[in-house]
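J.: Predicted structure and sequence below. I'll ask about it afterward.
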Amino acid sequence: MKENTVRVIKIGKEALYEFLYENIISQEESLLQVSATEVMNSFAIDWEKGGFIFMAHQAEDADGELIPLPKEIQPETLLKALPVTTESLLKRGKVYRDYSFGELKELCGENEDHDGK
């Protein structure tokens, strides 16, 4: 680069969302300790509070049938209800927490009741 030059990248919300998502996907195996080919992903972002949630669950059952995320489990609701699992994705060690479908359904149901939905 030339002296006294600043090279700038400025992106909007959609590009920022894409960047976050694609970076997590590219590191999914090391971050979540799962095989990226064996899981389905769900995600959401809260632009107002600055949070991002990324979830992975087993894609198929023992018979090879797809396991969809239950409709009662809403990433946007969980983004507000769940605590932060790590302060940094760059730290060593476990950065995730495991929840059962049942636990997440319950959390979504509780938050919908409190939100007046």
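T.: Perfect, thanks for sending it. Numbering: from 1, shown residues only.
J.: which residues of the chain fall in strands?
T.: Along the chain, counting by DSSP state E, strands occupy 39-46, 51-58.
J.: Could you list the buried residues of stretch 18-35?
T.: The neighbour-count check on stretch 18-35 (16 or more other Cβ atoms under 10 Å) flags 24, 28, 31-32, 34 as buried. Just so you know, the C-beta spots here come from the backbone N, C-alpha and C atoms, and that holds for glycine as well.
J.: gap between Glu3 and Ile9?
T.: Distance, Glu3 to Ile9, using Cβ to Cβ, to the nearest Å: 20 Å.
J.: wouldn't Gly109 be in contact with Ile73 here?
T.: No - using Cβ atoms under 8 Å, Gly109 makes no contact with Ile73, being 9.9 Å away.
J.: who has more neighbours, the two?
T.: Comparing Gly109 with Ile73 by other Cβ atoms under 10 Å, the one with more neighbours is Ile73, at 22 against 13.
J.: Tell me how many other residues surround the closest residue in space to that one that isn't next to it in sequence.
T.: Nearest residue to Ile73, sequence neighbours excluded (Cβ to Cβ, 6 or more residues apart in numbering): Leu104, at 4.6 Å. Neighbours of Leu104 under the rule other Cβ under 10 Å: 22.
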